[in-house]
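[1] quick one: sequence plus predicted model below, questions after.
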There are 2 protein chains.
Amino acid sequence: MFRINKLTDYAVVLLVDMARTQRVRAAHDIAAETGVPVPTVAKVMKALVRGGLVRSTRGASGGYVLARPADRIVMADMIEALEGPIAMTACVDHADDGCEREGFCPMAGHWNRVNHAVRRALVGITLADVAGSCHPPVWANRASQGSGTSTGPRDSGGAVYLASE
Amino acid sequence: MFRINKLTDYAVVLLVDMARTQRVRAAHDIAAETGVPVPTVAKVMKALVRGGLVRSTRGASGGYVLARPADRIVMADMIEALEGPIAMTACVDHADDGCEREGFCPMAGHWNRVNHAVRRALVGITLADVAGSCHPPVWANRASQGSGTSTGPRDSGGAVYLASE
DNA sequence: TAGAAATGGGACTGATTTGGTCCCGATTTG
DNA sequence: CAAATCGGGACCAAATCAGTCCCATTTCTA
């Protein structure tokens, strides 16, 4: 564990793509360019819109654009959009109203410390960082051939671009 | 996601307990004191031994002890013992020999940056920190009531101390 | 030496989560 | 009005996780 979801992985890839071509593009277009299956792109985009990272336009000639400049979108945003708040244990999810075992839970307060440290790290890297330092989209052609579900051994269950298989 | 496993959660609870009473204790003993089911304690302990955090003694009057002082066991150790290397995407697992897509992977290098930052945060908190700043084992009595030996109130969902769905 | 008490290493199963696809209503363009 | 597009779920298969159990091995003790 301690891995991000495959969908989150896709999200990053998609966002990088959008950061390059700054204009409204339909889901199927982005899908074609990145090699991610269309339905999956749609699913990821929904989450990104809900998370406020991407703006959508409906209707014919609609599509998606980044909601703000790439240097103002950070890793934490992307992960939170897809996976909810960054919280390493369940009890932190509703930390505000206080876990009922608070009084005697030996970990009280410590997970939060960890969470915040992790989050801080994740806020330090922007989409611009990721998209910028990078080769032209060579990977587009390569991707279109195999978007399959590589079901390998435990640690190879990765996404299209990042994992091996 | 971005959560640690329940088993890792247990591991921390168990380690805290061991940090308090620094002596060899059998799994069933630790189980009784923490309220974690015996088989689960056994499973977690196996991982902790493999990870080098805990030393085991076999045979009659055997059991487990911390392998080193509590202030030299850090969060990262605990998590890695239970969940393998801290790597947010699959490709980082074998990052050393280089992902074959390295040349064109848009994320090349960036996940590692994230991983290292996260790991750094996790190295900053020791077991002593967690075990020290904490109430006496009040939770022991609470635990002993509901947890016979192997069949406790398991349906309550979540780890005994930390979670709660 | 024999027996009891522990750990070690898996196998196994049910429950949960994740990944991926699809459908249909709402919205906009032309 | 028709075509194109997003929005929100429903749905299912596959993978993973949690929890239990079994048996071999090791060691202490009587």
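    Yep, that arrived.
[2] low-scoring stretches of chain A, by residue?
    Where chain A drops to pLDDT under 70, the residues are A:1-2, A:88-110, A:132-165.
[3] alongside DNA strand C, which residues does it contribute?
    Residues of chain A lying close to DNA strand C by CB under 7 Å from any atom of the strand are A:5-7, A:10, A:37, A:39-40, A:42-43, A:57-62, A:149. Where you see a C-beta, it was placed from the backbone N, CA and C, and this is true even at glycine.
[4] could I have the PyMOL command that selects the buried members from those residues?
    If you want just the buried ones from the residues of chain A next to DNA strand C in PyMOL, going by 16 or more other CB atoms under 10 Å in any protein chain shown, the selection is:
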select buried, chain A and resi 6+10+40+43
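[5] quick check, nearest of the residues of chain A next to DNA strand C to residue A:117?
    residue A:5 (21.2 Å; CB to CB).
[6] what segments of chain A are helices?
    A:6-20, A:27-34, A:38-50, A:75-83, A:110-123, A:127-132, A:139-145 (DSSP state H).
[7] pipe those into CSV and attach distance to residue B:25 per row.
    As requested, the helices of chain A are arranged in CSV below (distance: least, CB to CB, whole Å):
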stretch, distance to residue B:25
helix A:6-20, 41
helix A:27-34, 54
helix A:38-50, 46
helix A:75-83, 38
helix A:110-123, 23
helix A:127-132, 48
helix A:139-145, 54
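[8] minimum distance to residue B:16: which of the ones you listed has it?
    helix A:110-123 (9.8 Å).
[9] show me what contacts the spatially closest residue to residue A:15 that is not a sequence neighbour?
    For residue A:15, ignoring the flanking residues on the chain, the nearest one in space by CB to CB, 6 or more residues apart in numbering or on different chains is residue A:127 at 5.5 Å. By CB atoms under 8 Å, 6 or more residues apart in numbering or on different chains, the contact set of residue A:127 is A:15, A:16, A:19, A:66, A:70, A:71, A:73, A:74, A:78.
[10] now do residue A:117
    Per CB under 8 Å, 6+ apart, neighbours of residue A:117: B:121, B:122, B:124.
[11] burial count for the first one?
    Other residues near residue B:121 come to 21 when the count uses other CB atoms under 10 Å in any protein chain shown.
[12] pull out the buried members of the contacts of residue A:127.
    Buried, going by 16+ other CB under 10 Å: A:15, A:16, A:19, A:66, A:70, A:73, A:74, A:78, out of the contacts of residue A:127.
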